[in-house]
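>>> next one to model:
(chains A and B)
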Amino acid sequence: MTLRLGRQEFADDATLMMAIVNRTPDSFYDRGATWGHDRALERVDRVVAEGAEIVDIGGVKAGLGPDVDVEEEKRRVVDLVAEVRSRHPRLVISVDTWRADVARAVCEAGADLLNDAWGGADPGLAEVAAEHDVAMVVTHTGGLTPRTSPHRVRYDDVVADAISSTVAQAERAVSLGVDRRSVVIDPAHDFGKSTFHSLELTRRLDEMVATGWPVLVSLSNKDFVGETLGRPVGERLLGTLAATAVCAVAGARVYRVHEVAETRQVVDMAWSIAGRRPPVGAIRGLA
Amino acid sequence: MSTRAVVVPPVPALLPEHASLTDPVSDLRSACHEAVQALLCEAPERVVLLADPADPWARPVAELLLTDAGHTGDVAPGPAGPDDAVLVMANGSARRGEVSPGGADDRAPELDARVEKALSDCDGAALRSLDAGLGAALLASGTCELRELGSLLEHGSWSARLLYSDDPYGVQYWVAVLAGG
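Sure thing, here's the model as predicted:
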C-alpha cells in the first residue's frame, strides 16, 4: 500500500530516512548541538542534502530532565517547522511530540507527520492528526509515562505486546479519521524495554512487518546498542548500523536516524540482499 | 532489400533478472531492439535462431529480444533456408585486455577486427573461414554460428549496417543488420 505522509506519497517498496533534528539543549546524543534555531536549520539543510526524505523535529528530550511545558515546547518547534516548510516544500516534516496542543500548532505551521513517541499518552493526538489530515507514527512503550525510564519491566512476549499495542493504536487512529495509508507503527526500541527486549524486537521484527502496517525503527545510538557492545554514546554507530541491517532485511520502511548517509547505504544494501531493490549497476560476470 | 539476418551478442546483462537501477548496457540494448525489429518488420512466421549451444545465455537473450519485438511465431534451429529470417547470437573475444573477463590475449584484437570487417563487407567466405577453436580459446560466443551465416552470405547480394561495435566491459559486441539474399 502507498505510504502517504502529509503532502508526499511513497511507493510500497520505498525505504525512507527520517533524520533526527533536536531543538533541545540536552538530548542524549547531540547534547544541544542543534539547540539554536539557526543550528537546527543548518542540520535540516544538511540532512536534506544527504538525502533524508523526512525530518523529525523534537523540542523535548526523551529522557529524564528539566520540565518543558506546552508553551516552551511550542516556542522551540513551531517557528522552526514553519521555516523548514518554506525552505523545503517537498520535505516531509515530522514532529516528535506526545501533546495534542503542540501537535495542533505544528500542523498549522506545516507539519506532515506526528511522531507519537510516547505510545498514545495523550489520546487527543490522533484526533489532531485526523483534523489536519496528517500522518502518525504510533509506538509501543508498554504504558510508560512520558520521559520516564523503564524499571523491572516484564512482558510475557514483548513482540506480541508491541504488535497488539501499535495495531490497536493504528486502528483507533483510522477510526478517528486518519488516512489508513498514513499510519506507521514503531516498536520503540529502549522505550519501556530492557536491552533484551529491544534485541528480541530486532530479531523478530518480521512479525511486526507481517501486520501489513509500515514499520518505523528508531535504533540510532540507543542504549540497547551501547549495552550490547559495551560502548558509550559516540561509539555506537557500527552497532546501530548492524541492527539497522537486520531490520531492513525484515522489511522496516522508515529509519529514524542521526547518521543519514551511512544508514542509507546500509538500508539500500540490505534491501538489495532481500531482493527488493536492484543494484545500481551490475555487470560483473554478465558482460 | 529487406532485412534477412541480424547479429546480436548474448549478453546476460540484457535479461530482466539482471536489471539494475541504471542500465549498464543501455546503448547495446537500444541497438539490439532496433536490429530485431528490422528482422521482424515483415512479420516472418518463423525465425531461425543460430545460437551457440555451449553458451547458456544465447537462447534466453534471443527469446527475450524476439518477444520484446512482438514475435509470436516459431523459433526454429538452423540450418537456415534462403527465405528465412535469421537471428545470430554471437560476440567477439572476452580476452581483449586487462578489464576483459578473460584477461588479455594478443590474438583477440586481430580476430575481432577480422569478424567486424567480414560483417561490414558481407564477406561470406571470410566468415566461413573463422577458426572455431581460436574463437573458443578467446571466449568468443557463436563463432560456428557466424560461419553458418557466412554460408548464407555466399548466395545472393547483401548489404550490412553495423548499429553497434564496442567493448564497454572488455567483451567485443556487434549489432549488425544484414539485408539482401
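>>> what about the residue in the stretch 51-200 of chain A that chain B sits nearest to, distance to residue A:267?
Across the stretch 51-200 of chain A, no residue is closer to chain B than residue A:51, which sits at 14.3 Å (Cβ to the nearest Cβ). Glycine gets a C-beta too; all of them are placed from N, C-alpha and C. For residue A:51, the distance to residue A:267 equals 11 Å [Cβ to Cβ, to the nearest Å].
>>> look at these two and report which has more neighbours.
A direct count of neighbours by other Cβ atoms under 10 Å in any protein chain shown for residue A:51 and residue A:267 places residue A:267 higher, at 24 against 12.
>>> that one: which element?
For residue A:267, the element it lies in under DSSP states H and E is helix A:260-273.
>>> quick one: is that helix near chain B?
No - judged by Cβ under 8 Å from any Cβ of the partner chain, helix A:260-273 stays clear of chain B, getting no closer than 9.7 Å.
>>> dump that helix to PDB, keeping only the CA atoms.
The C-alpha coordinates for helix A:260-273 follow below in PDB (Å, rounded to 0.1, in the frame of the first residue of the first chain):
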ATOM      1  CA  VAL A 260      21.600   9.700   7.300                       C
ATOM      2  CA  ALA A 261      24.300   8.900   4.700                       C
ATOM      3  CA  GLU A 262      25.600   5.800   6.500                       C
ATOM      4  CA  THR A 263      22.200   4.400   7.200                       C
ATOM      5  CA  ARG A 264      21.000   5.000   3.600                       C
ATOM      6  CA  GLN A 265      23.900   2.800   2.300                       C
ATOM      7  CA  VAL A 266      23.200   0.100   4.800                       C
ATOM      8  CA  VAL A 267      19.500   0.000   4.100                       C
ATOM      9  CA  ASP A 268      20.000   0.000   0.400                       C
ATOM     10  CA  MET A 269      22.500  -2.900   0.600                       C
ATOM     11  CA  ALA A 270      20.200  -4.900   2.900                       C
ATOM     12  CA  TRP A 271      17.200  -4.100   0.700                       C
ATOM     13  CA  SER A 272      19.000  -5.400  -2.300                       C
ATOM     14  CA  ILE A 273      20.100  -8.600  -0.400                       C
END
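>>> list the buried ones in it?
Within helix A:260-273, the residues that qualify as buried are A:260, A:262, A:263, A:264, A:266, A:267, A:268, A:270, A:271, A:272, counting by 16 or more other Cβ atoms under 10 Å in any protein chain shown.
>>> stretch A:166-177 too?
So stretch A:166-177, judged by 16+ other Cβ under 10 Å, has buried residues A:166, A:167, A:169, A:170, A:173, A:174, A:176.
>>> centroid residue for chain A?
residue A:256 (4.2 Å; Cα atoms, centre = their mean).
>>> contacting residues around the residue nearest to that residue when sequence neighbours are not counted?
Leaving aside its sequence neighbours, residue A:256 sits nearest to residue A:218 (Cβ to Cβ, 6 or more residues apart in numbering or on different chains; 3.9 Å). Contacts for residue A:218 (Cβ atoms under 8 Å, 6 or more residues apart in numbering or on different chains) come out as A:117, A:186, A:188, A:189, A:256.
>>> please report how far residue A:218 lies from residue B:11.
According to Cβ to Cβ, residue A:218 and residue B:11 sit 44 Å apart.
>>> the residue of the stretch 101-250 of chain A found nearest chain B is in what secondary structure piece?
Using Cβ to the nearest Cβ, the closest approach of the stretch 101-250 of chain A to chain B is made by residue A:248 at 17.0 Å. Per DSSP H and E: residue A:248 is located in helix A:237-250.
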